[in-house]
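Student: Next comes the sequence, and after it the predicted model I'd like to discuss.
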Amino acid sequence: MSVIADLLAERPPRAGAVKVLAVEGRSGAGKSTVADAVAAELQAPVVRMDHLYPGWDGLASGVDALVRWVLEPLAAGRPARWRRYDWAAERYAEAHRVPGCDVLVVEGVGTGARQVTPYVSALVWVELDGPERRRRALARDGDTYAPHWDRWARHEDEFYAEHEVRSRADLVIGGQA
């Protein structure tokens, strides 16, 4: 993941004093794996969109939460706090604080949204073909995700048509593990 660390090193912070790395791509592409590897290399915290979406129809609301709870406060030099969505209870649960950091990794569908862009120092798109993405996602989340795969894919289609994330990425990488 040094290529991503090198890319980020060349970029200025855009969320106050914090460099934000957005790791984007469709469900099952390998975003979490990439984000975890880069975060470990850079000793950076990770905020995951899966913790911010308020349910299966909450992609846009999750993006708004990322901006409002995390990125705007960082840009203003204030502490950032976010609330984890409890998928089973269908409501937001406990709050989490983003630790003080020079680099923050944000990972998930929506981190490349146009309203996130002003805060992002580098945007990485993780690419993988559809059948393999589905296989991975269902192997990871099984029966929890299976009934919602098509529903979520429609939200992704709409989001990517509007935000054209892949074409705006600073780096496109394969999602092979």
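Tutor: Thanks, I have the structure now. Numbers count the residues shown, from 1 in each chain.

Student: The strand or helix carrying Ala93 pairs with which strands, parallel or anti?
Tutor: Under the criterion of DSSP states H and E, Ala93 resides in strand 91-97. According to DSSP bridges, the neighbouring strands of strand 91-97, each with its direction, are strand 81-86 (antiparallel).

Student: Touching the partner strand from outside, list them.
Tutor: Contact with strand 81-86 is made by 47, 51-55, 58, 62, 65-66, 69-70, 73, 91-98, as judged by C-beta atoms under 8 Å, 6 or more residues apart in numbering. Glycine gets a C-beta too; all of them are placed from N, C-alpha and C.

Student: for it, which positions count as buried?
Tutor: Within strand 81-86, the residues scored as buried using 16 or more other C-beta atoms under 10 Å are 82-83, 85.

Student: Just put those residues in CSV and tack on pLDDT.
Tutor: Compiled in CSV, the buried residues of strand 81-86 are given as follows (pLDDT from 0 to 100):
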residue, pLDDT
Trp82, 98
Arg83, 97
Tyr85, 97
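
Student: with those in mind, which one is nearest to Arg154?
Tutor: Closest approach between those and Arg154, by C-beta to C-beta: Tyr85, at 19.7 Å.
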